[in-house]
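Student: heads up, no residue letters with this:
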């Protein structure tokens, strides 16, 4: 049963990532086609980030109030509807399409926020705690594969079936992901623990704000998770450069659109490989040491991307950065599942996302403004130096150093 659940949830997440990749690229393409404005395209990231900051914590409360599968199905149902509505608007109300697209981005991101924390609540119930790292590795690997496929076929789909076809295809893939989720079954490995925690949550209904405050209190009291949220927030300052990766490749490396696709494809392949062996890579030492090493490698790679002007060296460094960040993310996500009680996991996860995203809109816009005045590679040099500084934090923080080894399959 566990193997069956692993196959179902990994396939479900593959389809989710595939549809999200196709949707994101298609939306970005059509926004730029309609407006011919780089600012309009950059607003997409700002809208997504602000949505997570403002709405995310409340989504976490809603996720904690429901069964994880129910929350995920709500997200899928709404995203299916988004695709259908966009297709109808394109056919009959094209004059307001750009407005509807921006509104749909908000709704779509809210729906995705139902799925991610609910998936984290669901995993221990369907695969057992000992397999979380392994399954997270599979999910990251298949998500990278899906993203790679999405980037490869999105342009083809736009050319063949147009905007309407892409939106309906996006809805169809989410429908398939939703159907697969129906067949996922809770297992007995965590049955007693989950039942105990669920019974403890059967209390009179309280207000959403009260539940949100309870989640904030849990986050504050859980010192290792609180420190990791602080670290993630600091790391997101690198969006001052990261959001301009296409500019680095195009202007600094002098690469073509085909080469830009190649560098992303190579990085995705490295992510696929890392995801498959994540269970071994994340357990060769204590979590704090693995996190420090992976952040250190990422910082050196980020810095080197700005120092080199050679496309092939840039590709190698980008691949190194992608692989190391995936290992760090798997550890971070696993700790979120293991160290936070099931009844609070949705709220704490979304509070983490909201807090960690605070710097993204500011630094993304700042990076765009600064890059108009100085060469973009200087921002990558700064970003790499900043990541290297952040990599020291796990080595010196007592709460993170105290975390024992991650759960692993015997």
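Tutor: In hand now; what should we look at? Predicted model only: the values in this text are computed from it and were never measured.
Student: in the stretch 201-350 of the chain, where is pLDDT below threshold?
Tutor: 201-205, 243, 257-258, 261 (pLDDT under 70).
Student: can you map out the strands along it?
Tutor: For the stretch 201-350 of the chain, no strands are identified by DSSP state E, counting those that start in this stretch.
Student: residue 166: what's it in contact with?
Tutor: Counting by CB atoms under 8 Å, 6 or more residues apart in numbering, residue 166 touches 22, 23, 26, 154, 157, 158. Glycine gets a C-beta too; all of them are placed from N, C-alpha and C.
Student: now those as a markdown table including distance to residue 3, secondary structure and pLDDT?
Tutor: Formatted as a markdown table, the contacts of residue 166 follow (distance: CB to CB, whole Å; DSSP: H, G, I helix; E, B strand; the rest coil; pLDDT from 0 to 100):
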| residue | distance to residue 3 | secondary structure | pLDDT |
| --- | --- | --- | --- |
| 22 | 29 | helix | 82 |
| 23 | 31 | helix | 83 |
| 26 | 35 | helix | 77 |
| 154 | 32 | helix | 68 |
| 157 | 33 | helix | 74 |
| 158 | 38 | helix | 71 |
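Student: what lies in contact with stretch 129-145?
Tutor: Contacts for stretch 129-145 (CB under 8 Å, 6+ apart): 2, 6, 9-11, 13-14, 17, 123-124, 127, 189-190, 268-269, 271-279, 282-283, 326, 329-330, 333-334, 337-338, 406-410.
Student: buried sites along that stretch?
Tutor: 129, 131-145 (16 or more other CB atoms under 10 Å).
Student: quick one: the closest residue in space to residue 253 that isn't next to it in sequence from residue 298, how far?
Tutor: Of all residues not flanking residue 253 in the chain, residue 311 sits nearest, at 4.4 Å (CB to CB, 6 or more residues apart in numbering). Using CB to CB, to the nearest Å, residue 311 is found at 20 Å from residue 298.
Student: between those two, who's got more neighbours?
Tutor: residue 298 (27 against 18; other CB atoms under 10 Å).
Student: against residue 8, how distant is the residue lying closest to the more buried one once chain neighbours are set aside?
Tutor: Leaving aside its chain neighbours, residue 298 sits nearest to residue 324 (4.3 Å; criterion: CB to CB, 6+ apart). Going from residue 324 to residue 8 by CB to CB gives 30 Å.
Student: neighbour count winner among those two?
Tutor: For residue 324 versus residue 8, the count of surrounding residues by other CB under 10 Å is larger for residue 324: 25 against 17.
Student: residue 295 is in contact with that one, correct?
Tutor: Yes - Residue 324 is within contact range of residue 295, at 7.3 Å (criterion: CB atoms under 8 Å).
Student: which elements pack onto the helix or strand where residue 44 lies?
Tutor: Using DSSP states H and E, the element containing residue 44 is helix 38-65. Contact here means 3 or more CB pairs under 8 Å, 6 or more residues apart in numbering; DSSP states H and E; on that basis helix 38-65 packs against helix 2-35, helix 97-127, helix 208-221, helix 345-356, helix 360-371.
Student: now the residue nearest to the spatial centre of the chain: closest residue in space, sequence neighbours ignored.
Tutor: Nearest to the geometric centre of the chain sits residue 116, at 8.2 Å (CA atoms, centre = their mean). Leaving aside its chain neighbours, residue 116 sits nearest to residue 349 (7.1 Å; criterion: CB to CB, 6+ apart).
Student: verify the stated contact: the one you found with residue 117.
Tutor: Yes - counting by CB under 8 Å, residue 349 touches residue 117, with 4.0 Å between them.
Student: who touches both of those two?
Tutor: residue 60.
Student: what about residue 297, distance to residue 241?
Tutor: For residue 297 relative to residue 241 (CB to CB), the value is 17 Å.
Student: more neighbours: these two, which one.
Tutor: Legend: neighbour count by other CB under 10 Å for residue 297 and residue 241, higher for residue 241 (28 against 20).
Student: so that one touches residue 374, yeah?
Tutor: No - if you go by CB under 8 Å, residue 241 and residue 374 don't touch, sitting 11.6 Å apart.
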